[in-house]
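>>> The following comprises the amino acid sequence and a computationally predicted model.
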Amino acid sequence: MTRALAFVVHNWPLKLAAIVLATLLYAGIVLSENVQTFGGSIPIVPFRQPANAVIVGNLPSVTNIRYVAPTDVAGRLTREGFRAQIDLATASPTPDNPYVNVRVDLRYADDRVRILDYSPQVITVRLDPLIQKTVPIDVDQGPVPSGLQAGEPVLSATSATVSGPDSVVRLVTAARARVLIQPSAIDVDQSVPLVAVDALGNEVGPADLDPSEVHVSIKVGGLTTTKTVPIDPTVSGTPGDGFEVASIDVRPLVATIAGDADVLTPLTRIGTAAVSVAGATTDVAAAVNLVLPDGLSAVSSNRVQVTVHVRAVRGTRTFGIGVRLVGARADRTYSLSTPGVNATLGGTVAALDAVDGAALVATADVGSLAPGRHTVRLGFRVPAGASLVSLTPSSIVVTVGAPTPVPTAAPTPSPSAS
C-alpha cells in the first residue's frame, strides 16, 4: 500500500499537469467537432418601439451565426427557430440626433443550442418622431392627346393630411392624384389613389395620407374656340325695409368660355347663379357658379365671387319753418321780409321719419343791428342723423326801426295877475 501511494505522489505536479492538458485537448477536440455555422440570415425584429417614433430605413439581418449543439439537434436547425430582436424601450433619440445604437439579441428556440458568435451584434437605428401636416391635393393628368382638350379637374377634396416620419413629412409639398386622358375623349370620372410628392414632383415615403384617395372629374372633348366675356351677376330678392342695393362687385370681372364657335359668337356676357338679398340690411357675399349655355364650359374656374353692397335708402324732405329773432332789443322794432323759410333735409328714411317738423326753426341774429334795412343770413340747427340740403331763402331782409316818441303837451300858461 505504501509502495502504491509512493508511486502516485511521485512527481505529482508533472502528473497533474498532464491530466489537465489531456482534459483541455479532449475538450478542444469535442468543441471543434461541434462548433458549426448556420448559413442563413435572420431578420432583426424591433420590440417596445416608442409610440411617437418610427424606424426609418430597413433593419439588417443577422448572419455568420456560429453555435454549438448536440449532434442530433445541430442537424435539424431551421431559420424559423432563430429569433433576432432589438429592445427600443430605452432608446432616446433627439431631433438633432435621431440615431441610436442598440444591441442585437439572438436566441434559438431550443435551449440546447448555444450561440457563440454572430454579426452584427450592435446596429445603428434611426428613429424619427411622427408628425403630420396638411398639404394641397393636385392632379397630374399627363399629356393631353393631340386634338383633345381637358377641362379643369373637379376634386372631391382639396387638401389632405400627411403623417409619418419627420424627415419624410417635411419634404412633402402636395398629395398628387395621377390620371390619364384617353385618346377616345372619355371624360375622367373616377377615384384615384393619392401619393405624397416633394417640390420636384418625386414620390416620397413612407407616409400616410388622409384621405388616401380622391374622386376626380375632368371634362374631355375636342378642341374648341374660346371667348372672353364680362360676367353679369344675378341678384334676387328685395333688401329689408329702408334698404336698397347700392352696387354689385364680381371677381373676376370676365370669364373665358370655351365651346362651339356658333354658340360662342352671339354670346356677349355670361350670368351667374342668383345671389339672394331678401331682407338683407348689410352687404351679402357669396361664391356662385357661372350659368353656361349647353355645350360651353369655363376655361378656368366655374365659380366667381359676388358681393352685393346694401345701404340704407336715402331721400330728402322739405319742412316749412318759422324765423326766430335772436338778440332783439326792446327799444327797436323789427320787420322781416318773410316770416318763414323752407328747410330741405337729407338722410335715411328712418332718420327723416324721426324729424319733428314743429321743432324746426331758422334763426336771425339781430342783436348788433342799427336802425335801417339789413340782409341777415339765417342760422339752422340740423337734427341728428340728417343733413341740410338747402335753406330757402338762406338770408332775409330785416328792417330795424326806433320807436316813434310820443309827443307831450305844452304847459298851459298861468293867467297873469292884474
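All right, it came through fine.

>>> Angles on the backbone of A261, please.
A261 adopts backbone torsions of phi -60, psi -40, taken as degrees, to the nearest 10.

>>> Against F380, how distant is it?
Separation of A261 from F380 (CB to CB, to the nearest Å): 66 Å. (C-beta placed from N, C-alpha, C; glycine too.)

>>> Between the two, which has more neighbouring residues?
More neighbours surround F380 than the other of A261 and F380, with 15 against 10 (other CB atoms under 10 Å).

>>> wait, that one sits on A362?
Yes. In terms of CB atoms under 8 Å, F380 counts as a neighbour of A362; the distance is 5.2 Å.

>>> For these two, list the residues in contact with both.
Shared contacts of F380 and A362, defined by CB atoms under 8 Å, 6 or more residues apart in numbering, comprise 343, 391.

>>> Run a quick neighbour tally on A246.
By other CB under 10 Å, 14 other residues sit near A246.

>>> The helix or strand where it lies - what's its average pLDDT?
A246 is part of strand 243-251 when elements are defined by DSSP states H and E. Averaging pLDDT along strand 243-251 yields 93.

>>> just stretch 85-99 next, same as before
Averaged across stretch 85-99, pLDDT comes to 84.

>>> Show me what counts as buried in that stretch.
With burial defined by 16 or more other CB atoms under 10 Å, the residues of stretch 85-99 counted as buried are 85-86, 88, 91, 93, 98.

>>> Distance check, D111 against E80.
16 Å.

>>> Same question for D87.
Taking CB to CB as the measure, D87 falls 21 Å from E80.

>>> what's the answer for A150, then?
Counting by CB to CB, the gap from A150 to E80 is 54 Å.

>>> Of these two, which one has the most company?
Neighbours were counted for A150 and for E80 using other CB under 10 Å; A150 has more, 19 against 9.

>>> what residues are up against the more buried one?
141, 144, 181, 188, 218-220.

>>> Isn't R114 up against A69?
Yes. With contact defined as CB under 8 Å, R114 counts as touching A69 (7.0 Å).

>>> Looking at those two, which is more packed in?
Set R114 next to A69 and count neighbours by other CB under 10 Å: A69 wins out with 19 against 11.

>>> all helices for the protein, in order.
Counting by DSSP state H, the chain has these helices, from start to end: 2-9, 12-34, 71-74, 166-169, 261-264, 349-353.

>>> Report the buried residues of the fifth one.
Of the residues in helix 261-264, those scored as buried under the neighbour-count criterion (16+ other CB under 10 Å) are 263-264.

>>> Cool, thanks, talk later.
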